[in-house]
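> need the 3D shape of this:
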Amino acid sequence: MNELITDELFEGHNFAEKPLEADFEECIFRNCVFAKANLSGLSFTNCMFENCDLSGTKLLKTAIQECEFIDCKMLGLAFEACAPILFQITCTRCTLNFSSFYQVDLTNSGFSICKLLEADFTEADLSGISLASCDLSGATFDHTRLERTDFSSAENYTINPQLNKITGAIFGKEGLPGLLSAFNIKIV
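Residues are numbered from 1 along each chain as shown. Alright, predicted model coming up:
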């Protein structure tokens with residue numbers, strides 16, 4: 001059982017050099033480096049990460065519950081390795097390029113003004129979430145639940161309606177080419 005640290009501010013720490021060995025609740029991590037750190041088996045509940053670098057972090061059975069990420073660099077994260085129970089993230093102005101959400105339940109999560117280039121949402125559940133002003137260039141949607149998902153201000157996505165559940169999803173007119181590309185038709 002890990003030590004529990006609650007309601008603490010961590011500013012400017014480099015956790016890549018000094019590994020974490022505790023669980024965290026209602027903590028704030030500001031300007032911290034976690035790049036390639038091993039957070040496996042740890043728990044983060046109702047924590048906020050501001051301007052942190054979490055790129056390449058190991059997340060095997062990491063519990064991330066009701067956590068908020070603002071202006072964070074989160075390249076190549078394998079969120080499917082996280083503990084699935086109560087998984088919930090809110091990301092604002094984050095870079096999540098090359099991250100994988102394979103089979104992850106994101107129904108209580110949200111993304112706003114994020115870069116999700118080449119992100120993998122295969123078999124994930126994004127039902128009812130918002131992807132407000134997100135760049136989804138090269139993102140993979142394959143057998144993904146997108147019912148009631150708000151893509152109205154998202155850009156650069158390609159989604160095959162025949163391979164994904166999109167009932168009730170919201171798309172802007174600018175996104176139509178990304179929905180129709182699977183049919184090999186031209187829009188003028």
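
> please make it C-alpha for all contacts and neighbour counts, starting now.
Will do.

> how is this protein divided into domains?
1-71, 96-188 (automatic domain parsing).

> I'd like those domains laid out as TSV, including distance to A83, mean neighbour count and mean pLDDT.
TSV is the format used below for those (distance: least, Cα to Cα, whole Å; neighbours: other Cα atoms under 10 Å; pLDDT from 0 to 100):
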stretch	distance to A83	mean neighbour count	mean pLDDT
domain 1-71	4	18	96
domain 96-188	10	19	93
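
> make TSV out of those domains and add distance to I89.
Shown next, in TSV, are these (distance: least, Cα to Cα, whole Å):
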stretch	distance to I89
domain 1-71	5
domain 96-188	5
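
> could you point out which of the ones you listed sits nearest A81?
Smallest distance to A81 across those (Cα to Cα): 4.8 Å, for domain 1-71.

> which stretch among the domains of the chain comes nearest E80?
Here domain 96-188 is closest among the domains of the chain (Cα to Cα), at 5.5 Å.

> distance between the closest one and the chain's centre?
How far domain 96-188 lies from its chain's middle: 12 Å, per Cα atoms, centre = their mean, to the nearest Å.

> got it, and stretch 54-71?
Centroid displacement of stretch 54-71 relative to its chain, using Cα atoms, centre = their mean, is 9 Å.

> please report the distance of D120 from T107.
Distance check for D120 against T107: by Cα to Cα, to the nearest Å, it reads 16 Å.

> quick one on the thing from earlier: and the domains of the chain: which comes nearest I85?
Comparing the domains of the chain by Cα to Cα, domain 1-71 comes nearest, at 7.6 Å.

> send the alpha carbons of stretch 159-168 over as CSV?
Output of stretch 159-168 as CSV, limited to C-alpha atoms (Å, rounded to 0.1, in the frame of the first residue of the first chain):
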residue,chain,number,x,y,z
ILE,A,159,-14.2,8.9,-39.7
ASN,A,160,-15.8,6.0,-41.6
PRO,A,161,-19.5,6.0,-40.6
GLN,A,162,-19.7,2.4,-41.6
LEU,A,163,-17.1,1.3,-39.1
ASN,A,164,-18.1,3.5,-36.2
LYS,A,165,-21.2,4.2,-34.2
ILE,A,166,-22.0,7.8,-34.9
THR,A,167,-25.8,8.1,-34.1
GLY,A,168,-26.5,11.6,-32.7
